[in-house]
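*Asks:* this one's structure only:
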């Protein structure tokens, strides 16, 4: 009989590989095992907000994964954990020698300034789709500030951009121990910037970012929706580092030419360096990635299984590597070797087209649900049923489309002020906590949206 620790370990691996990065970082990564008895797996959340989020959004998904792994009708129960286990394990030990206040910046879901030691040039699999980006990253790491400055790597999500940024940082730290390296996401940069304004510590923020010899900024496409003040901070940070010959490496899902929301002067700076694309890997590269992953982790992956997976996952390296993690979990739980039959049985959704929701889809589904027209939902009429449906639509756009800011949502709803959108979204959030009818409506709408809007 499987122990609670075995089931939880396999479940956590499965959730990590099958959930999107946003879903994993929004709360699943903070869950911990509390107890397992009589077919009930009790999982702890660090606080009430996280518990409610998991309860409302992810509990069916977690239950389904657990039952598939355990092979039985396991029941998932949520509770508050006494200690945030992950933060306790990862929190650095610091010593203070004076009573002076310590200026800290906001933590990031991707651990700013903390490079992933697994993401190195040795663990990166080069191929025809990424050869130029790989060679440029190596050159930058070997001669920071001299080869290509700035270096801009762009391409779709899951193709290895973040891996190359970490690889550069790891190489520099290993071979140039005296040089300071900082890896940070654009979201983290923004959070630090906001905190600095709130606490009047802009000078400390400048020092934090501009003292580095190598600055690695991930996902700059999220700058597009930010205000001019943030654009100014990024621009001046870039100028300060570049003017001192320090290396800057950035990643994005699009070329700088296609990032319309960037300031022209910043875009022109990026185009002065090397801009290189990572494309979808070909079949041979995908098979090589699977073999490399399995060899690093000591997994016996038969050739026919590697080819079967590679034919089904064409454009996402994370999904490729995640499939091996899931297979290992299934094989360990069933105490049998990885085989093609096991893969076909348990990786049934592998490579299926991902759901891509758009605001228009959400508006249409909400309008149909309440028997209204899309124009009514978007419009300005103040009848109570219309206002409720409008607020629900605003909430769903904000909740399901993570890259839509309040001003962007306001433009969807006939150009309202963004504060109106904030108010509408907050009203629905409050009702979800106390009104079972509203909670049922939102959950039903989400289920409908899961079958809509494929691109």
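*Replies:* Nice, thanks for sending it over. Bear in mind the structure is a predicted one, so any value in this text is a computation, not a measurement.

*Asks:* Next one: residue 303, what pLDDT does it get?
*Replies:* If you check residue 303, the pLDDT there is 91.

*Asks:* which stretches of the stretch 1-150 of the chain have low pLDDT?
*Replies:* Within the stretch 1-150 of the chain, the ranges that satisfy pLDDT under 70 run 1-2, 19-23, 25-27, 48, 71-72, 81-114.

*Asks:* now swap in the stretch 201-350 of the chain and tell me
*Replies:* Ranges of the stretch 201-350 of the chain meeting pLDDT under 70: 225, 227, 349-350.

*Asks:* could you redo the last one with a cut-off of 50?
*Replies:* In the predicted model of the stretch 201-350 of the chain, no residue satisfies pLDDT under 50.

*Asks:* hey, where'd the strands end up in it?
*Replies:* 214-218, 247-252, 274-277 (DSSP state E, counting those that start in this stretch).

*Asks:* Out of the ones you listed, flag the one nearest residue 404.
*Replies:* Proximity to residue 404 (Cβ to Cβ) singles out strand 247-252 among the strands of the stretch 201-350 of the chain, at 17.8 Å. For glycine as for every other residue, the C-beta is placed from the backbone atoms N, C-alpha and C.

*Asks:* by contact count, what packs against that closest one?
*Replies:* helix 131-142, strand 151-154, helix 161-175, strand 214-218, helix 228-243 (3 or more Cβ pairs under 8 Å, 6 or more residues apart in numbering; DSSP states H and E).

*Asks:* can you redo these as CSV with distance to residue 376?
*Replies:* As requested, the helices and strands packed on strand 247-252 are arranged in CSV below (distance: least, Cβ to Cβ, whole Å):
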stretch, distance to residue 376
helix 131-142, 48
strand 151-154, 40
helix 161-175, 42
strand 214-218, 41
helix 228-243, 34
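
*Asks:* Now the ones you listed in a markdown table, please, with extra columns for distance to residue 396 and mean neighbour count.
*Replies:* Shown next, in a markdown table, are these (distance: least, Cβ to Cβ, whole Å; neighbours: other Cβ atoms under 10 Å):
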| stretch | distance to residue 396 | mean neighbour count |
| --- | --- | --- |
| helix 131-142 | 36 | 20 |
| strand 151-154 | 30 | 25 |
| helix 161-175 | 29 | 22 |
| strand 214-218 | 27 | 25 |
| helix 228-243 | 27 | 16 |
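
*Asks:* Which of those sits closest to residue 70?
*Replies:* Using Cβ to Cβ, those put helix 161-175 closest to residue 70, at 32.4 Å.

*Asks:* how far is the following helix or strand past the closest one from where the chain is centred?
*Replies:* Counting by DSSP states H and E, the element after helix 161-175 in chain order, helix or strand, is strand 181-185. Mean-position distance between strand 181-185 and its chain equals 16 Å (Cα atoms, centre = their mean, to the nearest Å).

*Asks:* any idea of the angle the helix or strand just after strand 181-185 forms with helix 228-243?
*Replies:* Next helix or strand after strand 181-185 toward the C-terminus (DSSP H and E): helix 186-199. Angle, helix 186-199 to helix 228-243, by axes from the mean of the first three to the mean of the last three Cα atoms, to 10 degrees: 110 degrees.

*Asks:* Show me the one of the helices and strands packed on strand 247-252 that comes nearest residue 292.
*Replies:* helix 161-175 (11.8 Å).

*Asks:* Can you tell me which helices and strands that closest one packs against?
*Replies:* On a contact count with 3+ Cβ pairs under 8 Å, 6+ apart, helix 161-175 meets helix 131-142, strand 151-154, strand 181-185, strand 214-218, strand 247-252.

*Asks:* so can I have a markdown table of those showing distance to residue 6?
*Replies:* Converted to a markdown table, the helices and strands packed on helix 161-175 look like this (distance: least, Cβ to Cβ, whole Å):
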| stretch | distance to residue 6 |
| --- | --- |
| helix 131-142 | 38 |
| strand 151-154 | 39 |
| strand 181-185 | 34 |
| strand 214-218 | 34 |
| strand 247-252 | 37 |
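
*Asks:* which stretch among those comes nearest residue 446?
*Replies:* Closest among those, using Cβ to Cβ: strand 181-185, at 26.8 Å.

*Asks:* Next one: the spatially most distant residue from the centre of the chain relative to residue 421, how far apart?
*Replies:* The C-alpha centroid of the chain is most remote from residue 383, which lies 38.5 Å away (Cα atoms, centre = their mean). Using Cβ to Cβ, to the nearest Å, residue 383 is found at 19 Å from residue 421.

*Asks:* and if you look at residue 155?
*Replies:* Noted for residue 155: a distance of 32 Å to residue 421, by Cβ to Cβ.

*Asks:* neighbour-wise, which of these two wins?
*Replies:* residue 421 (26 against 22; other Cβ atoms under 10 Å).

*Asks:* What helices and strands are in contact with the helix or strand harbouring that one?
*Replies:* Residue 421 belongs to helix 418-434 when elements are defined using DSSP H and E. Here helix 418-434 touches helix 384-400, helix 406-412, helix 436-449, going by 3+ Cβ pairs under 8 Å, 6+ apart.

*Asks:* pLDDT averaged over that helix, what's the number?
*Replies:* 87.

*Asks:* For it, which residues meet the burial criterion?
*Replies:* By 16 or more other Cβ atoms under 10 Å, the buried positions in helix 418-434 come out as 420-421, 424-425, 427-428, 431-432.

*Asks:* How far off centre is it?
*Replies:* Using Cα atoms, centre = their mean, the offset of helix 418-434 from its chain centre is 24 Å.

*Asks:* Can you tell me what sits against that helix?
*Replies:* Applying Cβ atoms under 8 Å, 6 or more residues apart in numbering, the external contacts of helix 418-434 come out as 52, 56, 390-392, 394-395, 398, 405-407, 409-410, 413, 438-439, 442.

*Asks:* Narrow these to those that are buried.
*Replies:* Buried members of the contacts of helix 418-434, scored by 16+ other Cβ under 10 Å, are 390-392, 394-395, 398, 405-406, 409-410, 413, 438, 442.

*Asks:* Residue 129: which of these is nearest?
*Replies:* Of those, the one sitting nearest to residue 129 (Cβ to Cβ) turns out to be residue 405, at 32.0 Å.

*Asks:* Noted, bye for now.
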